[in-house]
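In: Sequence first, then the predicted structure:
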Amino acid sequence: MQSRQLNRRQYFNELATTSEKYFIPYIKRYRQVGKGTKVLEIGCGDGGNLLPFSRMGCDVVGVDMAEGRIRDARKFFQENGAKGRFIASDVFLLKELRHQFDLIVCHDVIEHIDDKEEFMHKCKQLLKTRG
C-alpha cells in the first residue's frame, strides 16, 4: 500500500481532483451532469470521487461495505461543507435505492467482482429508465 493511501484525507483529496479533472469531463461527453443529477458511487470508500459532483449540485449517495470508510466520507464531506449521503452496506441489499439514479460510478471496484455480468445486471436495477 502506498503512503498516500494511508493518509485518508490526502487520498480523498486526490480522488476528488481526479474525478473533477477526468471523470466528470468524460461523463459530460455523453450526458448532462449538474444540479439535480442523482449520482451513486458503489464502493465509494472515503467519498472523494463524489465531492466534485456534490459541488456541482448533484444529489450524491455513496455506498461501501467498510464502515470506517463511510465514517471518513461523512467527516470529509462535512469538513468541505458538501452534501452527500453515505451508507455502510452491500448496495444490492438496499431495495429503496432501486431505479433512483441517473449515473453510477464504480472506481477501483469492478476488478474485485467475480461475476461481472450479474454485477452489471444489478447495477441496471439501480438506474432510472434513462440512467
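Out: Sure, I can see it.
In: Quick one: list the elements packing against the helix or strand containing Ala73.
Out: Taking DSSP states H and E as the definition, Ala73 sits inside helix 67-79. Counting contacts by 3 or more CB pairs under 8 Å, 6 or more residues apart in numbering; DSSP states H and E, helix 67-79 packs against helix 8-18, helix 51-55, strand 59-64, strand 85-88. Every C-beta, even on glycine, is put in place using the N, C-alpha and C of the backbone.
In: contacting residues for Asn13?
Out: Gly48 (CB atoms under 8 Å, 6 or more residues apart in numbering).
In: quick one: it from Gly48, how far?
Out: 7 Å (CB to CB, to the nearest Å).
In: which neighbours do these two share?
Out: With CB under 8 Å, 6+ apart as the test, Asn13 and Gly48 reach no residue in common.
In: Now the residue nearest the centre of the chain. Nearest residue, chain neighbours left out?
Out: Against the mean C-alpha coordinate of the chain, by CA atoms, centre = their mean, the closest residue is Glu41 at 2.3 Å. What sits nearest to Glu41 in space, not counting adjacent residues and going by CB to CB, 6 or more residues apart in numbering, is Val105, at 4.3 Å.
In: so that neighbour sits right up against Val39, yeah?
Out: Yes. Val105 sits in contact with Val39 when judged by CB atoms under 8 Å, with a separation of 6.5 Å.
In: shared neighbours of these two, which are they?
Out: Leu50.
In: need the helices and strands packed on helix 67-79 in JSON lines with mean pLDDT, can you?
Out: As requested, those are exported to JSON lines (pLDDT from 0 to 100):
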{"stretch": "helix 8-18", "mean pLDDT": "94"}
{"stretch": "helix 51-55", "mean pLDDT": "98"}
{"stretch": "strand 59-64", "mean pLDDT": "98"}
{"stretch": "strand 85-88", "mean pLDDT": "98"}
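In: deepest of these, which one?
Out: strand 59-64 (a mean of 24; mean count of other CB atoms under 10 Å).
In: Can you list the strands that that strand pairs with?
Out: strand 38-42 (parallel), strand 85-88 (parallel) (DSSP bridges).
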